[in-house]
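**Q** After the sequence you'll find the predicted model.
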Amino acid sequence: MSRALGLVVALTAALATAPAAVADPQPWPNIRFFAAAEPAAFTVAGADGVWFRAPGGQNCGIWGPGSFGCAGDIPGAPPGTAALGWVAGDRAVHYDWTVPWRMPQTPAQAPLPPRQLLTHRGSSCAVTDDGHTYCERGPLRFLLSPVGSRLSPPWLDLARR
């Protein structure tokens, strides 16, 4: 009996000191309190939309009916991919070698400063304090960092309701 009691005590102590399982932290930044950027400062004469340079040098923009994306060196993207984003009509944000052809070739004139929120036609982009570029339109999102990138899950419209 004392051996069983010792086992129970040891097991209880082990469970009490085991680290709790930690879920992935919320990957998306909270941009709700970022200052609104003046869209006119990010327009390019003769071009649709608003355009900015990301901290990593990518050319990013929001154009058309709210399409958004970045082109250039995309950390974490599959080989041969030079863009990520969402183009109106797509079902998800994605890495895509076709985005540069569907994204206007408008060169950004200025960087978007950290903690500035650039909004155009229902989509928003921001740069965080740690130099990450984040864009969203409802549940469609991406986060571009110097070491990788994260996309919102595909097929959000098919999620269990």
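**A** All right, it came through fine. It should be emphasised that the depicted structure is a prediction, and the values quoted were computed from it without experimental measurement. Numbers count the residues shown, from 1 in each chain.

**Q** ok, Gly46 - how many residues close by?
**A** Look at Gly46: counted by other C-beta atoms under 10 Å, it has 6 neighbours. Where you see a C-beta, it was placed from the backbone N, CA and C, and this is true even at glycine.

**Q** Going forward, the N-terminal residue is numbered 455.
**A** Let's use 455 as the start, then, which means that last one is Gly500.

**Q** That one sits in which helix or strand?
**A** Using DSSP states H and E, Gly500 sits within no helix or strand.

**Q** So for it, what's the pLDDT?
**A** Note on Gly500: pLDDT of 93.

**Q** Roughly how far does it sit from Arg604?
**A** From Gly500 across to Arg604, the span is 34 Å (C-beta to C-beta, to the nearest Å).

**Q** One more: Leu594?
**A** 13 Å.

**Q** So if I had to pick from the two, which one is more boxed in?
**A** More neighbours surround Leu594 than the other of Leu594 and Arg604, with 21 against 16 (other C-beta under 10 Å).

**Q** That one reaches Arg545, doesn't it?
**A** No: between Leu594 and Arg545 there is no contact under C-beta atoms under 8 Å: 9.1 Å.

**Q** Low-confidence regions, this protein specifically.
**A** By pLDDT under 70, the low-scoring segments of the chain are 455-479, 553-554, 609-615.

**Q** let's see 90
**A** Residue ranges of the chain with pLDDT under 90: 455-481, 534-535, 545, 550-559, 607-615.

**Q** Right, I'll call it a day here.
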